[in-house]
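Undergrad: Mind looking at a prediction? Sequence and model below.
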Amino acid sequence: MRVHFISIGGSVMHQLAIALHHKGYYVTGSDDEIFEPAAGNLKKEGILPGKMGWYPQNITSELDAVILGMHAKADNPELKKAVELGLKIFSFPEYIYQESINKLRVAIGGSHGKTSTTAMVMHALQYAHVDFDYLVGARLAGFEQSVQVTDAPIIVCEADEYPASTLEKRPKFHFLFPHIAVLTGIAWDHINVFPTFDFYLEQFIIFINKIQKNGVLIYNETDSVLKKLVLENKREDIRYIPYSLPRYFIENGITSVEIGNKKTALNIFGNHNLLNLQAAYFVCKELKLDDVTFAKAISCFSGAAKRLELIAQLKGSNVYRDFAHAPSKVTASINAVKQQFPGRKLVAILELHTFSSLNAEFMSEYKGAMENADEAIVFYSNHALELKRMKSLDPEKVISGFQKSNLEVITKRNDLEERLVKENVDNTNFLFMSSGNYDGMHILKTLKI
């Protein structure tokens, strides 16, 4: 197989390129810029483009497939050449499906929790020595890559609702056609792509209808929006497994959960993670893992990168890094840390970095999201707004939207560093929530930890 990647430097695209290279395919690719770690990873495998840019001569009739990344525009010269030659052009998820037509497909979707749930399933299967392929959107301990494509009989996919490519605007999770599907919850996000909540909901209805006949949908029945959507769009040819919080206990800052009538101590915590665990449990049952094996596996699961990740710990003080940026995710992460350590002060620092979170019209969606933080800081930079070609965001709009009495809004990195340097770390937990990097701020150096 000869496969060419247009926009090979993407965080997941380059991982698929490496996976196919390992499978023995002849892989080439191009991009106009490639950053680390993608550049180093591709160079190590010998498939880093020799020079940056788009070159139509890369596209020949000998190619079996062209895989198109989100970064590539509709007028990309390589794409135009591929269209002229009538080559098979796939978006990332379309190609994943091509490689998994004969596999048992697991797709884990939802507005939040899909990465963690996917990671739990992967961890449990690896622990049980099950042969499987995977696609996940984060770095996981014990896995060298975030994409693996082999001849394994099972594939476990994080199912993203974001558009597949510049040609194919439909959500990625519409192309996976799962036998086992999970929906973790629904909360409006990506308003630049889904301008109304009804349109956003429609994408999940389509996903449900893509589940294979005699398949199963595992869904979070504690999410009222999701439960209503599932019940109103019932299919007679698939099974349904609703899930809710498992029985759990918190003792001395450690959470334990009941699995198969036995108590299992965890490294993770928070209702959000416990719901994800329950979804993963039902997936693993469908994949024939027994309760004892799952319990042993999940007891040593440490979480996905930037998902309530403990990055520093002092006596009486923890520092967490979290990917939360949508309102429901912010609420869940704050509540999880506060519930786990009720006697400690919680300082929550949220960076607005996505298109939705930097949109003044979206601010009202954050009402009450940071209510349970003892000290709440919202940070965003003008640089992020400029990169996204967005209008300036008035701090008063943020304050009005969040409706948190003591909310602090900071728009300059230096001001944020000065604010945090003054914070007393004794008996205090810090929760940094962002899909960005706080304009380059080094969290631990700033806190002097």
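TA: In hand now; what should we look at?
Undergrad: show me where the stretch 201-350 of the chain has helices.
TA: Per DSSP state H, counting those that start in this stretch, the stretch 201-350 of the chain carries helices over the ranges 224-232, 271-286, 291-299, 327-340.
Undergrad: Need those helices in a markdown table (columns: distance to residue 116).
TA: The C-beta positions use only the backbone N, C-alpha and C, and glycine is treated the same way. Listed next are these as a markdown table, based on distance: least, C-beta to C-beta, whole Å:
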| stretch | distance to residue 116 |
| --- | --- |
| helix 224-232 | 17 |
| helix 271-286 | 5 |
| helix 291-299 | 12 |
| helix 327-340 | 11 |
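Undergrad: Output these as a markdown table; include the columns distance to residue 265 and mean neighbour count.
TA: What follows is the helices of the stretch 201-350 of the chain, written out as a markdown table (distance: least, C-beta to C-beta, whole Å; neighbours: other C-beta atoms under 10 Å):
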| stretch | distance to residue 265 | mean neighbour count |
| --- | --- | --- |
| helix 224-232 | 29 | 15 |
| helix 271-286 | 13 | 23 |
| helix 291-299 | 6 | 18 |
| helix 327-340 | 13 | 22 |
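Undergrad: Name the residue closest to the centre of this protein, please.
TA: With distances taken as C-alpha atoms, centre = their mean, the residue of the chain nearest its centroid is residue 115 (4.5 Å).
Undergrad: neighbouring contacts of the strand or helix carrying that one?
TA: Element membership for residue 115, per DSSP states H and E: helix 114-127. Residues from elsewhere that reach helix 114-127 (C-beta atoms under 8 Å, 6 or more residues apart in numbering): 106, 108, 110, 132, 134, 136-138, 140, 142-143, 154, 156-160, 182, 184, 272-273, 276-277, 279-280, 283-284, 287, 289, 293-294, 296-298, 300-301, 303-304, 307, 323.
Undergrad: Could you point out the helix or strand that follows that helix?
TA: Sequence order places strand 133-135 as the next helix or strand after helix 114-127, per DSSP H and E.
Undergrad: buried sites along that next one?
TA: For strand 133-135, burial by neighbour count (16 or more other C-beta atoms under 10 Å) applies to 133-135.
Undergrad: what about that strand, distance to the chain center?
TA: Distance of strand 133-135 from its chain centroid, counting by C-alpha atoms, centre = their mean, to the nearest Å, is 14 Å.
Undergrad: Do me a favour and average the pLDDT over that strand.
TA: The average pLDDT within strand 133-135 is 96.
Undergrad: Next: stretch 171-183.
TA: 95.
Undergrad: looking at it, residue 299 is touching residue 264, isn't it?
TA: Yes - using C-beta atoms under 8 Å, residue 299 is in contact with residue 264, at 5.1 Å.
Undergrad: anything in contact with each of those two?
TA: Shared contacts of residue 299 and residue 264, defined by C-beta under 8 Å, 6+ apart, are absent.
Undergrad: Can you show me the strands along the stretch 1-150 of the chain?
TA: For the stretch 1-150 of the chain, the strands defined by DSSP state E, counting those that start in this stretch cover 2-6, 26-30, 65-68, 89-91, 104-109, 133-135, 147-148.
Undergrad: Can you check what angle separates the first one from strand 26-30?
TA: Yep, that's strand 2-6 we're talking about. If you take axes from the mean of the first three to the mean of the last three C-alpha atoms, to 10 degrees, strand 2-6 sits at 20 degrees to strand 26-30.
Undergrad: Keeping just the C-alphas, turn strand 2-6 into CSV.
TA: C-alpha atoms of strand 2-6 as CSV (Å, rounded to 0.1, in the frame of the first residue of the first chain):
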residue,chain,number,x,y,z
ARG,A,2,1.2,3.5,-0.9
VAL,A,3,-0.3,6.2,1.2
HIS,A,4,0.3,10.0,1.1
PHE,A,5,-0.7,12.3,3.9
ILE,A,6,-1.6,15.9,3.1
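Undergrad: coming back round to it: how about JSON lines for the buried residues of strand 133-135, with distance to residue 437 added?
TA: Below are the buried residues of strand 133-135 laid out as JSON lines (distance: C-beta to C-beta, whole Å):
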{"residue": "133", "distance to residue 437": "31"}
{"residue": "134", "distance to residue 437": "26"}
{"residue": "135", "distance to residue 437": "24"}
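Undergrad: Give me the below-cutoff pLDDT ranges for the stretch 201-350 of the chain.
TA: Scanning the stretch 201-350 of the chain for pLDDT under 70 picks out nothing.
Undergrad: hmm, try it at 80
TA: Applying pLDDT under 80 to the stretch 201-350 of the chain flags residues 304-306.
Undergrad: Among the helices of the stretch 201-350 of the chain, which comes closest to residue 33?
TA: helix 327-340 (29.2 Å; C-beta to C-beta).
Undergrad: wait, what's in contact with the most far-flung residue of the chain relative to its centre?
TA: For the chain, the C-alpha farthest from the mean C-alpha position belongs to residue 61; by C-alpha atoms, centre = their mean, that distance is 35.9 Å. The contact partners of residue 61, taken as C-beta under 8 Å, 6+ apart, are 85, 87.
Undergrad: Give me the distance between it and residue 21.
TA: Relative to residue 21, residue 61 is positioned 22 Å away (C-beta to C-beta, to the nearest Å).
Undergrad: go on, residue 435?
TA: Applying C-beta to C-beta to residue 435 and residue 21 gives a distance of 28 Å.
Undergrad: where exactly do the strands run in the stretch 151-300 of the chain?
TA: For the stretch 151-300 of the chain, the strands defined by DSSP E, counting those that start in this stretch cover 154-158, 180-183, 216-220, 239-243, 248-251, 254-259, 262-265.
Undergrad: Among the ones you listed, show me which one is buried the most.
TA: Highest mean neighbour count among the strands of the stretch 151-300 of the chain (mean count of other C-beta atoms under 10 Å): strand 180-183, with a mean of 26.
Undergrad: Quick one: residues in contact with it.
TA: Contact with strand 180-183 is made by 104-110, 114, 117, 159, 204, 207-208, 211, 215-220, 226, 230, 279, 283, 286-287, as judged by C-beta under 8 Å, 6+ apart.
Undergrad: Give the pairing partners of it; include direction for each.
TA: strand 104-109 (parallel), strand 216-220 (parallel) (DSSP bridges).
Undergrad: how close does residue 223 sit to residue 247?
TA: Look at residue 223 and residue 247: by C-beta to C-beta, they are 19 Å apart.
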